[in-house]
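[1] what would the 3D arrangement of this be:
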Amino acid sequence: MSFDLNTIRRQLHQTPELAFQEQQTKALLLNWLQQLDGIQIHEFKSCPGLLVEYSSGSGAYRLFRADMDALPVKENTGCDFTSRTEGMMHACGHDVHMTILLGLIDRMVQLKPDRNLLFLFQPAEEGQGGAETVLAEGLIQNYPVEAVFALHAAGGLPVGTISCREGVIFGVPQEFDVTFNGKPAHAAFPEQGINALLSGVEFMNRMQADISELSSQQRVIFHVGKMASGTIRNVIPGHCKLEGTQRSLSKPLRDIINELIRKNATLATAQTGAEARVDFLCSYDPVVNAPELVKTLQQVCTDLEIVYQEAESTLAGEDFGYFTSLYPGLLFWLGSGCNEPLHSDRFLPLSDCIATGVKIFEQLALR
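    This is a model prediction of the structure:
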């Protein structure tokens, strides 16, 4: 069997599904995987993920992971294999990631190496805790895993170029909601109300001051992307909700910013008498690349005549960090040949990057 990876990528791209809803994606993957001999396919009980096992005997396993989910983005690429699901698209390259992993499995079945390998198709990478869900089931921990590997299609990086670094490559995201509850009243009688919007504004001012001071010493981001308050122009708002994210390069620094959010939410109610509630939502571990695996990747790139570039740490999040917290790991940027940014409605990696990803993964599996 030798898969037509371009056709596979096109089919996956046309069938995007959101986190934990990847049932059609799973069915497509199963259809292709069941055509291969020499592997065992394991299904998870709690999610649509798949774990594929290639065993040649006793010994440690290397695990290769691809994420499955898409984003709630309306596609605007103009390609002839555009999303068939309105309002959803693979705007982060996960269709390419899955295709590369299928290509790797196909190669291993053909080569029959004396290796023990696991291939994970993981759901819900986009902020919904897919890695945690998969690991919580304990299936992967039944195997003696010695290293974990993943790649990520990169916008603005040409095909045939790889970018990576030792240590932290993806940071620690923390999503949060801050809600202020007051009391609505007519604007002509402010003494009868409690203005929740004023608390929201005060919270923002306090956070901006603290983050400005902190960012002079560390790389951090504090961002509120949505603030909702009030119902009509002449009524004092009784409710204000801010939805945001903060980013850093370490969990201790994340915790410091979380404490600032709690403190400033409380202080922001002092003048108005509103009540504050802080909810911390999804957070990931940092993705930390093992130095010895980065050196192996550099040698693979040299041998394959692939350009290697040193990457900078990014404040973007990737739940592969849960794997690198447990095992020595490697995640690298794969040049996509697309100059549009990730999560853009025009992000569309060139199919040529698939072969590069398969070649690199193959060498990492065999060395």
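
[2] and residue 131, what does it touch?
    122, 125, 284, 319-323 (Cβ atoms under 8 Å, 6 or more residues apart in numbering). Quick note: C-beta positions are derived from backbone N, CA and C, even for glycine.

[3] in TSV, list those residues along with neighbour count, pLDDT and distance to residue 240.
    Shown next, in TSV, are those (neighbours: other Cβ atoms under 10 Å; pLDDT from 0 to 100; distance: Cβ to Cβ, whole Å):
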residue	neighbour count	pLDDT	distance to residue 240
122	30	98	36
125	25	95	31
284	26	92	28
319	28	95	30
320	28	97	35
321	25	97	32
322	21	97	33
323	27	98	38
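
[4] can I get those in CSV with secondary structure and distance to residue 82?
    As requested, those are exported to CSV (DSSP: H, G, I helix; E, B strand; the rest coil; distance: Cβ to Cβ, whole Å):
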residue, secondary structure, distance to residue 82
122, strand, 25
125, coil, 22
284, coil, 30
319, coil, 27
320, coil, 28
321, helix, 32
322, helix, 32
323, helix, 32
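
[5] for the protein, longest helix please?
    Identified as the longest helix of the chain according to DSSP state H is helix 196-215.

[6] for the record, mean pLDDT for the helix or strand that that one is followed by?
    Proceeding N to C from helix 196-215, the next assigned helix or strand is strand 221-229, under DSSP states H and E. Strand 221-229 comes out with an average pLDDT of 98.

[7] can you give me the buried ones in strand 221-229?
    Using 16 or more other Cβ atoms under 10 Å as the test for burial, strand 221-229 gives 221-222, 224, 227, 229.

[8] closest one of those residues to residue 260?
    residue 222 (8.4 Å; Cβ to Cβ).

[9] give the contact list for that closest one.
    Contacts of residue 222 (Cβ under 8 Å, 6+ apart): 207-208, 211, 244, 246, 257.

[10] give me the most central residue, the chain.
    Geometric centre of the chain, nearest residue: residue 318, 3.6 Å, by Cα atoms, centre = their mean.

[11] list the contacts of that one.
    Contacts of residue 318 (Cβ under 8 Å, 6+ apart): 125, 150, 152, 170, 284, 287, 331.

[12] lowest pLDDT pick from those?
    Among these, residue 284 has the lowest pLDDT, at 92.

[13] I'd say that residue and residue 168 touch.
    No - counting by Cβ atoms under 8 Å, residue 284 sits too far from residue 168 to count as a contact (11.9 Å).

[14] got the domain boundaries for the chain?
    Annotated domains of the chain cover 5-171+286-366, 172-283 [automatic domain parsing].

[15] out of the ones you listed, deepest packed?
    domain 5-171+286-366 (a mean of 19; mean count of other Cβ atoms under 10 Å).

[16] can you tell me, leaving aside adjacent residues, what's nearest to residue 330?
    residue 293 (3.9 Å; Cβ to Cβ, 6 or more residues apart in numbering).

[17] cool, and residue 200?
    Closest to residue 200 by Cβ to Cβ, 6+ apart is residue 240, at 3.8 Å.
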